[in-house]
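K.L.:
show me how the following folds:
(2 chains)
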Protein chains: 2
Amino acid sequence: MPHINLPKEFPGIRSLFMFRPETAAPLNHLVQTLLHDPHPTLSAGERELIASYVSSLNECKYCATIHGAIAKHQLGNNVDIVAQVINDPCTASISNKLKALLKIAAKVQAGGKQVGEEDITNAREEGATDIEIHDTVLIAAAFCMYNRYVDGLATWQPDDDELYDKMGEQRAREGYLTPPFKIV
Amino acid sequence: MPHINLPKEFPGIRSLFMFRPETAAPLNHLVQTLLHDPHPTLSAGERELIASYVSSLNECKYCATIHGAIAKHQLGNNVDIVAQVINDPCTASISNKLKALLKIAAKVQAGGKQVGEEDITNAREEGATDIEIHDTVLIAAAFCMYNRYVDGLATWQPDDDELYDKMGEQRAREGYLTPPFKIV
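P.N.:
Below is the predicted model of the structure:
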């Protein structure tokens, strides 16, 4: 049961957005910019993979599952890639550059000071740009916020995989600025 | 030295805001809403104390110092309260309600799932409302993002206390939406 009195028709962060629209506006604007808006070089699917991976490291079921579902839809319905990244980015069928960026993301999840010069050098050797390194650090940092927000208030996080898939399909198509559908 | 090529005239998060204005907009909007805009019951100074305390737990020098300086200016130039809270909220000269909220903030810093029903009950017994509990969790979560962002990219964090005091006075007066002054 949530720690505060939240609307019951919406799961996870969506119930918090309904409770406090004043903070929902910048939180939605941030995730739209980081994950959905056009990017010079990283696809929306790659950015969603970073979000899902960091959420999985933080053991936030809602965020890991919904961003995994969005990534799947962004990546041509490829559910295997998502599972591989969550399991171990080093052995996943992704580019070496994305592996290096996910390594940076994992360091950020453990703490900002954990990112070392060698992690940055490694990413640059795989072709990563300043914007890609910046955005990876900020996506990872942002999900250390979203995950704590969702779990720290004990929001309702459904167990129904089909539901996450349906919500993920909507977000992959529409982005983050349209209203959610009620699910109960 | 920063991990990416940042403008040298601005410290900490301000250099990142100059580097990437697209993400600066929602990040500034969020902190303005959480810490500076009018609040039903928590003063701006109390909210800045939560931000500084969480940043101190994350050992982020830039954020802990600047938000400590802003809190000082919001709280009638009271530098003792800031030092007391950073040292140990339990023994600080603050209300029992704020102590209970800072305890929740520390749990969020450690991880969203660390917040227990007993922490919420304790805060309610000291008079905390749903909005206060929500905003405390989100402020703490947000600073787990801002701190990782500032440290994860190894931004320049000056050692000059007078400079933080001057920047803090500006933010306490103007909020977060006006441009920073160049310091070099």
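K.L.:
use CA for all of it now, contacts and neighbours both
P.N.:
Will do.
K.L.:
gap between A:Ile104 and B:Gln74?
P.N.:
Between A:Ile104 and B:Gln74 the computed distance is 37 Å (Cα to Cα, to the nearest Å).
K.L.:
same question but for A:Thr65, I mixed them up
P.N.:
Distance of A:Thr65 to B:Gln74, given as Cα to Cα: 41 Å.
K.L.:
next one: A:Met18
P.N.:
30 Å.
K.L.:
compare those two (neighbour count), which wins?
P.N.:
Using other Cα atoms under 10 Å in any protein chain shown as the criterion, A:Met18 and B:Gln74 rank with B:Gln74 on top: 23 against 16.
K.L.:
thinking that one is in contact with B:Arg47, fair?
P.N.:
No - if you go by Cα atoms under 8 Å, B:Gln74 and B:Arg47 don't touch, sitting 9.9 Å apart.
K.L.:
state the three-state secondary structure for A:Pro7.
P.N.:
Put simply, A:Pro7 is coil when judged by DSSP: H, G, I helix; E, B strand; the rest coil.
K.L.:
OK, contacts around the closest residue to it other than its chain neighbours?
P.N.:
Of all residues beyond its chain neighbours, the one nearest A:Pro7 is A:Ser15 (5.7 Å), with distances taken as Cα to Cα, 6 or more residues apart in numbering or on different chains. Contact partners of A:Ser15, counting by Cα atoms under 8 Å, 6 or more residues apart in numbering or on different chains, are A:Leu6, A:Pro7, A:Lys8, A:Glu9, A:Thr155.
K.L.:
I'd assumed A:Phe19 was in contact with the first one.
P.N.:
Meaning A:Leu6. Yes - A:Leu6 is within contact range of A:Phe19, at 6.1 Å (criterion: Cα under 8 Å).
K.L.:
between the two, who's got more neighbours?
P.N.:
Neighbour totals were compared for A:Leu6 and A:Phe19, and A:Leu6 leads with 21 against 18 (other Cα under 10 Å).
K.L.:
how near is the more buried one to chain B?
P.N.:
9 Å (Cα to the nearest Cα, to the nearest Å).
K.L.:
what's the angle from the longest helix along chain A to helix B:130-152?
P.N.:
When chain A is scanned for its longest helix (criterion: DSSP state H), the result is helix A:130-152. Helix A:130-152 runs at 150 degrees relative to helix B:130-152, counting by axes from the mean of the first three to the mean of the last three Cα atoms, to 10 degrees.
K.L.:
and helix A:130-152, what's buried?
P.N.:
Within helix A:130-152, the residues that qualify as buried by neighbour count (16 or more other Cα atoms under 10 Å in any protein chain shown) are A:130-152.
K.L.:
distance of the most centrally placed residue in chain A relative to B:Gln170?
P.N.:
Nearest residue to the geometric centre of chain A (Cα atoms, centre = their mean): A:Ala51, 2.3 Å. In this view, A:Ala51 and B:Gln170 are 34 Å apart by Cα to Cα.
K.L.:
try A:His73
P.N.:
Taken as Cα to Cα, the span from A:His73 to B:Gln170 is 45 Å.
K.L.:
and these two? Which one has more around it.
P.N.:
Neighbour totals were compared for A:His73 and B:Gln170, and A:His73 leads with 21 against 18 (other Cα under 10 Å).
K.L.:
isn't that one up against A:Glu169?
P.N.:
Yes - A:His73 lies in contact with A:Glu169 (Cα under 8 Å); the separation is 6.0 Å.
K.L.:
now for the residue nearest to A:Lys61 when sequence neighbours are not counted: which residues touch it?
P.N.:
Once flanking residues are discounted, A:Lys61 sits nearest to A:Gln157: 7.1 Å by Cα to Cα, 6+ apart. Each residue near A:Gln157 by Cα under 8 Å, 6+ apart is listed here: A:Pro11, A:Gly12, A:Lys61, A:Tyr62.
K.L.:
mind listing the helices for chain A?
P.N.:
Taking DSSP H, the helices of chain A run over residues A:12-19, A:21-31, A:44-57, A:61-74, A:79-87, A:96-110, A:117-125, A:130-152, A:161-174.
K.L.:
need the ones you listed in CSV (columns: mean pLDDT and distance to A:Pro180).
P.N.:
Below are the helices of chain A laid out as CSV (pLDDT from 0 to 100; distance: least, Cα to Cα, whole Å):
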stretch, mean pLDDT, distance to A:Pro180
helix A:12-19, 97, 7
helix A:21-31, 98, 12
helix A:44-57, 98, 18
helix A:61-74, 98, 13
helix A:79-87, 95, 23
helix A:96-110, 98, 28
helix A:117-125, 98, 36
helix A:130-152, 98, 16
helix A:161-174, 96, 8
